[in-house]
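[1] Provided below for reference: sequence and predicted model.
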Amino acid sequence: MDKNRFTAGIIADLARQSVEKTFYALGTTVTLTAFGTISDRILDEAYRLIMCYEDKLTVNRDNSEIMAINHAAGKGPVQVSTGVYQLVKRAVAASRENSGFNVAIGPLVKLWQIGFEGANIPSEQQIQKKMVLIDPTRIILDDRNMTVFLPDAGMELDLGGIAKGYIADRVRSLWDAHGITAGIINLGGNLLTVGTCPLHEDAKWRIGVQNPWQKRGKPLAIEKIGPCSAVTSGIYERYFETAGKNYHHILDSRTGNPLETDLVGVTVFTRDSLVGEIESTRLFFAGSMPEDWQKERPDLYGAVFVYRDHRVQCCGFGDVNGLGG
C-alpha cells in the first residue's frame with residue numbers, strides 16, 4: 001500500500017474517533033477535545049482535575065489554598081499541597097526576574113478591579129499604599145515544610161497570570177498517562193495541542209491569532225505548527241472605559257497603573273503552557289522580540305506581535321524541532 005494513503009487513512013480514523021466536552025471553569029469557557037477515542041471517561045477525569053485545581057488556586061473565592069496564604073499575610077507561614085507549592089515557587093522565581101510578571105500583584109488587582117464589577121480609577125495615594133505590598137522578593141518560601149509566608153499584612157498572591165498554563169500542562173500529563181495521542185486543551189483561548197493533528201495530512205495544527213478588532217474566532221494570522229501551547233497577553237478583552245479613556249487589566253508593577261504600550265496583544269508559541277504564560281507577559285512588557293529570546297531555549301517556538309496601528313509582526317518561527325510551519 002502507498003505510504004501516503006496509509007498515513008491519510010490513520011489520520012481520517014483518528015479524526016472520526018473523537019470526543020469533546022465544553023464547560024465553564026477558571027472564569028472562562030473550557031473546551032476539551034480528544035482524538036482517537038469515543039470514550040468520555042478521559043474528559044470527565046480532565047474536568048475533575050481542572051475543577052480541583054481551580055478550588056486550590058482561585059483568589060475569587062474566600063476559601064482556597066492561595067487565599068489561605070493571603071489571609072495569613074503578616075501572621076505566619078501556611079503549608080500547602082505539593083503542586084500548589086511548586087507552582088507558587090515557580091511564580092515567585094519568574095516574578096523576581098522583573099520582566100513584567102508579578103505573582104504579588106494581588107493588592108493592585110483588587111484595587112483597580114478591572115474585569116470585575118466595581119472597576120474604577122484609584123487615586124495616586126491609594127496606588128502608592130498598595131505599591132509597598134507587591135514586592136515578590138519579600139515572599140518567604142520553605143522547601144522543607146512547603147510553606148509560603150507573606151510577611152506584610154495586606155500582601156496577596158494572584159496566580160491569574162500563570163494558573164491556566166499550569167492546569168493545561170497537568171491535563172496534558174493526564175492524557176499522556178491514558179494514551180491520548182492527539183487532542184486540544186482550550187482554556188478560554190489558552191490553547192495546548194497534544195500530539196500530531198489528525199485533521200490535516202501534514203499533521204500540523206492550524207492555530208489562529210485573534211484579530212483584536214473583530215469578534216472572537218476571527219483570526220488575523222494562522223500558524224501551521226506541531227504540538228505546542230499558544231498563549232496570548234492582550235488588552236482588548238478585559239478593560240473599562242471612562243471619560244473617553246481606556247484602562248486595560250495588565251498592570252505595571254513599576255507604576256501601579258495599566259502598562260503604557262503600543263501593543264494590543266502578543267501570542268507566544270511554546271512547548272509548555274506554563275512557560276507560555278510567563279513568556280507572553282515578558283514579551284508584552286518588552287514591546288518587541290528581544291534578540292536573545294530563543295537563545296539556548298528549544299522550548300520557545302515563536303511569537304506574533306499585534307500593534308495599535310494594526311501592524312502584525314511574526315518573530316522567531318522556523319523549523320524549530322520540526323515544529324514550525
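    Noted; the coordinates are in hand.

[2] all strands of the stretch 101-250 of the chain, in order?
    140-142, 147-149, 182-187, 190-194, 205-210, 219-225, 229-234, 239-242, 245-248 (DSSP state E, counting those that start in this stretch).

[3] contacts only, for the spatially closest residue to residue 178 that is not a sequence neighbour.
    Distances taken as C-beta to C-beta, 6 or more residues apart in numbering place residue 42 nearest to residue 178, at 5.2 Å, with adjacent residues excluded. Placement of C-beta: from N, CA and C, glycine included. Neighbouring residues of residue 42 by C-beta atoms under 8 Å, 6 or more residues apart in numbering: 19, 34, 174-175, 178, 180.

[4] can you select the buried ones from those residues in PyMOL?
    If you want just the buried ones from the contacts of residue 42 in PyMOL, going by 16 or more other C-beta atoms under 10 Å, the selection is:
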select buried, resi 19+34+174+175+180
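
[5] quick one, helices of the stretch 151-300 of the chain?
    In the stretch 151-300 of the chain, the helices defined using DSSP state H, counting those that start in this stretch lie at 163-177, 273-286.

[6] out of those helices, which gets nearest to residue 198?
    helix 163-177 (14.2 Å; C-beta to C-beta).

[7] coming back round to it: looking at the strands of the stretch 101-250 of the chain, which is closest to residue 58?
    strand 182-187 (13.8 Å).

[8] the closest one: partners in the sheet, and parallel or antiparallel?
    strand 28-35 (antiparallel), strand 190-194 (antiparallel) (DSSP bridges).

[9] highest mean neighbour count across those, which stretch is it?
    strand 190-194 (a mean of 24; mean count of other C-beta atoms under 10 Å).

[10] in PDB, list the C-alpha atoms belonging to that strand.
    Written as PDB, here are the backbone C-alpha positions of strand 190-194 (Å, rounded to 0.1, in the frame of the first residue of the first chain):
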ATOM      1  CA  ASN A 190      -5.200  29.500  26.300                       C
ATOM      2  CA  LEU A 191      -4.500  26.700  23.900                       C
ATOM      3  CA  LEU A 192      -2.500  23.500  24.200                       C
ATOM      4  CA  THR A 193      -2.400  21.000  21.400                       C
ATOM      5  CA  VAL A 194      -1.300  17.400  22.100                       C
END
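
[11] ok and it relative to helix 273-286, angle-wise?
    Going by axes from the mean of the first three to the mean of the last three C-alpha atoms, to 10 degrees, strand 190-194 is angled at 140 degrees with respect to helix 273-286.

[12] before we move on, the earlier item: okay if I get the strands paired with strand 182-187 as a markdown table plus mean pLDDT and distance to residue 78?
    Below are the strands paired with strand 182-187 laid out as a markdown table (pLDDT from 0 to 100; distance: least, C-beta to C-beta, whole Å):
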| stretch | mean pLDDT | distance to residue 78 |
| --- | --- | --- |
| strand 28-35 | 96 | 27 |
| strand 190-194 | 97 | 27 |
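
[13] go through these and name the closest to residue 111.
    strand 28-35 (23.0 Å).

[14] so the closest one versus helix 163-177, what angle?
    20 degrees.

[15] list the buried residues in the longest helix seen in the chain.
    The single longest helix within the chain, with elements called by DSSP state H, is helix 41-57. Applying a neighbour-count criterion of 16+ other C-beta under 10 Å, the buried positions in helix 41-57 are 42-43, 46-47, 50, 53-54, 56-57.
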